[in-house]
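K.L.:
Build the 3D model from these lines:
(one chain, ligands or ions: 1)
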Amino acid sequence: MVSIDPKAIPGHVACVMDGNGRWAQQRGLPRIEGHKQGEHALFEAVEGALELGIDWLTVYAFSTENWKRPPDEVKFLINFNEEILDRRKHELHEMGVQIRFIGRRDWRVPKGLIRRMDEAAELTRKNKKMVFTIAFNYGGRAEIIDAMKQLMASGVSPDKVTEKMLARQLYDPDMPDVDLMIRTSGEYRTSNFLLWQLAYSEMLFTEELWPDFTRHSMRDAVAEYQSRSRRYGGVTA
Ligand code: FPP
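P.N.:
A predicted model of the protein is given here:
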C-alpha cells in the first residue's frame, strides 16, 4: 500500500466522475449501467476520503452542458440523482458527512429534486466529518456570472471590487480553494468545473474509468499529490 503523510492531506479534493458511458459500452451495456456502477465508485470515493481525513470532497454530478445529452439520458440522470439522495442520505448522515449542493436552481431542475437536495442538506447540516458537495446543474462560468451579478446589484463601485468580494458571492462562500482535482477516463480538461476554486489546484488525470474508481484510487491520488511541490506562483527555497 502507498504511504501517506497524514500531515499533508489535501483539504479539498474535487472529482470529475468521467467515463461511465465508456465503461458500459466496453461491456456491451447501455450507458446508464455505467452511471449505476458510478454510484458504487462515488461511495468508494467518499469512504476513501473519510479514511484519509479529507475535509471537503466535491463531485461533478451534472453540468450546465449535460442538458445537451439525449433526453432519455438526461431524464435518467435527474431521476438517478434524486433517487441516490433519497436512498443514501441516511448512510451519509451516519458517516458524519455534511451534504451541500452548488449549481443553478433554474426552471430546468425539477422541484422534486430540489426538495430532495434540501432534505439531504437539512438532515446532515450539523455533521462535521467532511463536507460533501454535489455540483448539479453547475457551470464554473455560470457561477462567476451569478456572483458578478450579485456584486453589481449590491452597488459596489467597480474599482473597489476585490477577489475576496467576488469569492463571497460564489454558490458556497465557505468552500475553500481546491487542492487536488481528479479527472478519470483519460480526458485532460476541466470542463467548466469550479473554475474559480481550481486556480492553484494540483490536477490529476487518470486513465481509470470512473466506475472502476475505488478508495485505493483515492489513496493513490493523494500520494501523487504529496509528491508534487506547490509554489502558488512563487519559488521554493
Ligand atoms: C460522466 O460519464 C458522468 C456523469 C455525467 C454523471 C455521473 C453521476 C453519478 C455517478 C451520480 C452522482 C449522483 C449524486 C447524487 C452525487 P460520461 O457519461 O460522460 O462517460 P463517457 O465520457 O464515457 O461517455
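
K.L.:
Can you show me the helices along the protein?
P.N.:
For the chain, the helices defined by DSSP state H cover 20-26, 31-52, 71-94, 111-124, 140-153, 163-167, 215-226.

K.L.:
Quick one: those helices as CSV, columns for mean pLDDT and mean neighbour count too.
P.N.:
C-beta here means a position set from N, CA and C on the backbone, and glycine is covered the same way. Shown next, in CSV, are the helices of the chain (pLDDT from 0 to 100; neighbours: other C-beta atoms under 10 Å):
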stretch, mean pLDDT, mean neighbour count
helix 20-26, 97, 19
helix 31-52, 97, 19
helix 71-94, 96, 16
helix 111-124, 97, 16
helix 140-153, 97, 15
helix 163-167, 97, 12
helix 215-226, 97, 19
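
K.L.:
Point out the one among these that comes closest to residue 13.
P.N.:
With C-beta to C-beta as the criterion, residue 13 lies closest to helix 31-52 of those, at 6.3 Å.

K.L.:
how many neighbours does residue 103 have?
P.N.:
Using other C-beta atoms under 10 Å, residue 103 has 22 neighbouring residues.

K.L.:
whoops, I mixed them up, residue 169
P.N.:
Residue 169: 18 neighbours (other C-beta under 10 Å).

K.L.:
hang on, it packs against residue 147?
P.N.:
Yes - counting by C-beta atoms under 8 Å, residue 169 touches residue 147, with 3.7 Å between them.

K.L.:
re the thing from before, dump the helices of the chain to TSV, plus distance to residue 134.
P.N.:
Shown next, in TSV, are these (distance: least, C-beta to C-beta, whole Å):
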stretch	distance to residue 134
helix 20-26	16
helix 31-52	9
helix 71-94	8
helix 111-124	8
helix 140-153	14
helix 163-167	20
helix 215-226	17
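
K.L.:
Turn those helices into JSON lines, columns for distance to the ligand.
P.N.:
JSON lines is the format used below for those (distance: least, C-beta to the nearest ligand atom, whole Å):
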{"stretch": "helix 20-26", "distance to the ligand": "3"}
{"stretch": "helix 31-52", "distance to the ligand": "3"}
{"stretch": "helix 71-94", "distance to the ligand": "4"}
{"stretch": "helix 111-124", "distance to the ligand": "9"}
{"stretch": "helix 140-153", "distance to the ligand": "16"}
{"stretch": "helix 163-167", "distance to the ligand": "24"}
{"stretch": "helix 215-226", "distance to the ligand": "14"}
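
K.L.:
So what sits opposite the residue nearest to the spatial centre of the chain in the bridge?
P.N.:
Geometric centre of the chain, nearest residue: residue 59, 2.0 Å, by C-alpha atoms, centre = their mean. Beta-bridge pairing of residue 59 under DSSP bridges involves residue 15, residue 134.

K.L.:
Residue 121 versus residue 226, what's the distance?
P.N.:
32 Å (C-beta to C-beta, to the nearest Å).

K.L.:
Which pLDDT does the model give residue 237?
P.N.:
pLDDT for residue 237: 57.

K.L.:
Could you do residue 10 as well?
P.N.:
In this model, residue 10 carries a pLDDT of 97.

K.L.:
what about the closest residue to it other than its chain neighbours, how many neighbours?
P.N.:
Among residues not flanking residue 10 along the chain, residue 179 sits closest, at 3.6 Å (C-beta to C-beta, 6 or more residues apart in numbering). Per other C-beta under 10 Å, the neighbour tally for residue 179 reads 22.

K.L.:
Residue 54 is in contact with residue 179, correct?
P.N.:
No - with contact defined as C-beta under 8 Å, residue 179 does not reach residue 54; the gap is 9.0 Å.
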